[in-house]
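Asker: this one's structure only:
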């Protein structure tokens, strides 16, 4: 069974259809791209755990850098990056500026504090 036959959202339907179309018109295209990858970075806890699982299983095909545990990520991006990106995301999604409004943000750790 192929993952491409079981999309879980509208976004996955679009993505999987695009992948299927490419595979039908240019077989081997993704395999050739995979061979050219020199490495990846991951900056989420979930993603890093998944990469460690893949490494232990021998299925990680290229080097991966764990950005999630770097000092700059934990002390800067989690605290200040979230503060900016949350407001920016709300502004873009709603078309409403946040300035002058009352809001409550609940969270734990540095990301929630941001």
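Answerer: That came through, no problem. Bear in mind that the values here come from a model prediction, so they are computed numbers and not experimental data.
Asker: next, the distance between the ends of stretch 62-76.
Answerer: 28 Å (C-alpha to C-alpha, to the nearest Å).
Asker: which parts of it are buried?
Answerer: 64, 67-68, 73 (16 or more other C-beta atoms under 10 Å). Any C-beta I mention is one placed from the backbone N, CA and C, and that applies to glycine too.
Asker: next one, pLDDT for the closest residue to residue 63 other than its chain neighbours please.
Answerer: Distance criterion C-beta to C-beta, 6 or more residues apart in numbering; nearest residue to residue 63, sequence neighbours excluded, is residue 39 at 4.1 Å. Residue 39 carries a pLDDT value of 93.
Asker: just to check, residue 39 is in contact with residue 66?
Answerer: No: between residue 39 and residue 66 there is no contact, the gap being 11.6 Å when judged by C-beta atoms under 8 Å.
Asker: would you mind giving the domain segments of this protein?
Answerer: By the assignment in the TED database, the chain contains the domains 1-36, 39-68, 70-113.
Asker: from residue 81, how far off is residue 11?
Answerer: Separation of residue 11 from residue 81 (C-beta to C-beta, to the nearest Å): 24 Å.
Asker: neighbour count winner among these two?
Answerer: When residue 11 and residue 81 are compared for neighbours, residue 81 comes out ahead with 15 against 9, by other C-beta atoms under 10 Å.
Asker: hang on, that one in a helix?
Answerer: Yes: with DSSP: H, G, I helix; E, B strand; the rest coil as the criterion, residue 81 is part of a helix.
Asker: grab the longest helix from the protein for me.
Answerer: Ranked by number of residues, the top helix in the chain under DSSP state H is helix 10-25.
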